[in-house]
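> Need a 3D model of the sequence below.
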Amino acid sequence: MKKKVTALVLSLALALGLAACGGPSSDGKTIKVGATPAPHAAILEVVQDILAEDGYTLEIVEYDDYVTPNTSLEDGSLDANYFQHITYMNEFNAEHGTHLVSAAGIHYEPFGLYAGKCASLEELADGAQIAVPNDGTNEARALLLLEQEGVSGCDALVTLTGLDELNMIISLYGASCKVPQVITKLGHIENTDILGNLSLDSVISPKELCCNTIVQYVRAMKNQTGAALTVHTIADGQAEAMEFLVDGKVRHCGVPLKNLKLKKGVLVVCIAKGAKMEIPNGDSFFQSGDIVYIVTSKGKNIFQLNDIFES
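Numbers count the residues shown, from 1 in each chain. Modelled structure (predicted):
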C-alpha cells in the first residue's frame, strides 16, 4: 500500500530566536523543546548527545496533546516545539491568534491505513466504520488515501476545522466525490454569502446556533407556558422559523386557516399531526397535540402561538 507523507516542522514563536530567545532559557546554551513522545521526543533524545558535544543542553518536554505544545511556545515556556506539520501550525495560528513560525522542516511523517478488526481492506464489509483524523489537513489526506485505495464511499461528511475556507474546500471535495450528505461548519456568519454559488448541502454556524438557543431561552423565561420549542434564524437574519406545540391554551383549535386572521408577516408552513407532516392549505387546521411550524419576518415579537393571531 502506498503511503502519503508530510513534512514535520520545528516551530518557533514569532520574533523569538532558537538559542537565545529571552524566554525560558536565557543563557544561550540551553534549548527547551516540547514534543510528543513518539517519534519526536525519541528523535530529540538522539539529538541531545550531538548538541552536548557542541556545548548545548537540550531539555525535552513531552506532551500528550497537540494544543499545549503550541500555547506553551506562544507564552514563552518553550524555545521551540517539534510535532506538527506546517499546515496544522498555520491553522492553529488562525484559530487561536498565536504567532508561530516554522524554523525548519525535519522529517517526513508516514500516513497510512492501519488494521482494526480486519486483516486487509478486502475484508471490509459494507457499512464498516473507519476513523479519520479530525484536523482539516489530515482529514483531507485521509479521504484522498481512502479514495486511492478504493474505500471512498461514505454516507456523510462533516467538516469541523477552525478555518472556514478549509471547511468549504473539504466539503467541495466531498461533494465532488458524490457524498450523499455534506455538512459544513462556518465560524463567521458573513461567509455564508460565499456559499450561494457553491454546491454544498447543509451549513451550520455555532454562533448562530448559540444565538438561537439564547433567544429560545429568553422567550421561554418571558412566557413559561406555550413558548417556542425551537427558534431558527434564516434568510441571513431577515426571518425566523419557529416550532410550537399546540396545547389547551391555544386559541382557534379546529378552525380552518382560511377563517383565521394572522398578523402580517406570519406564515404557517407546516402542521405535524403525529408522524404525518401536512403542508397546510386554507382548509387545514390544528388541534391540541399538533406541532405547528411558522415563519415570521424580522422584528415580529412571537413568544407563543397565540401571538400569531390578530387581536
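> Please pull up the helix or strand immediately following the helix or strand of the chain with the lowest mean pLDDT.
Within the chain, judged by mean pLDDT, DSSP states H and E, the helix or strand with the poorest mean is strand 4-13; its value is a mean of 51. Using DSSP states H and E, the helix or strand that follows strand 4-13 in sequence is strand 30-35.
> my read: Lys207 touches Asp164, true?
No. The criterion here is CB atoms under 8 Å, and Lys207 misses it with Asp164 at 11.7 Å. C-beta here means a position set from N, CA and C on the backbone, and glycine is covered the same way.
> which regions of the stretch 101-250 of the chain lie under the pLDDT threshold?
Along the stretch 101-250 of the chain, the parts satisfying pLDDT under 70 run over 108, 115, 135-137, 151-153, 189-200, 208-209, 211-226, 235-237.
> can you give me the helices for it?
Ranges of helices in the stretch 101-250 of the chain, per DSSP state H, counting those that start in this stretch, are 136-148, 164-176, 206-222.
> Output the first one as CSV, nothing but the C-alphas.
Looking back up the chat, that one is helix 136-148. Listed next in CSV are the C-alpha coordinates belonging to helix 136-148 (Å, rounded to 0.1, in the frame of the first residue of the first chain):
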residue,chain,number,x,y,z
GLY,A,136,-8.5,19.8,8.5
THR,A,137,-5.3,18.8,6.7
ASN,A,138,-5.1,15.2,7.9
GLU,A,139,-8.8,14.7,7.3
ALA,A,140,-8.3,15.7,3.7
ARG,A,141,-5.3,13.4,3.4
ALA,A,142,-7.3,10.5,4.9
LEU,A,143,-10.1,11.0,2.4
LEU,A,144,-7.6,11.1,-0.5
LEU,A,145,-5.9,7.9,0.8
LEU,A,146,-9.2,6.1,1.1
GLU,A,147,-10.2,7.1,-2.4
GLN,A,148,-6.8,5.9,-3.7
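> In space, not sequence, find me the middle residue of this structure.
By CA atoms, centre = their mean, the chain has its centre lying nearest to Leu160, at 2.3 Å.
> Was I right to think that residue contacts Leu166?
No. Applying CB under 8 Å as the test, Leu160 and Leu166 come out as separate, 10.3 Å apart.
> residue ranges for the strands of the chain, please.
If DSSP state E is used as the criterion, the strands of the chain fall at 4-13, 30-35, 57-62, 80-85, 100-111, 156-159, 181-185, 202-204, 230-234, 239-245, 266-273, 276-278, 291-297.
> Now the common contact residues for Lys207 and Asp164.
Both Lys207 and Asp164 are in contact with Gly187, His188, where contact means CB atoms under 8 Å, 6 or more residues apart in numbering.
> Pick out whichever of these two has more residues nearby.
Asp164 (21 against 11; other CB atoms under 10 Å).
> circling back: nearest spatial neighbour of the residue nearest to the centre of the chain, skipping sequence neighbours?
With sequence-adjacent residues excluded and distances taken as CB to CB, 6 or more residues apart in numbering, Leu160 is closest to Lys185, at 5.1 Å.
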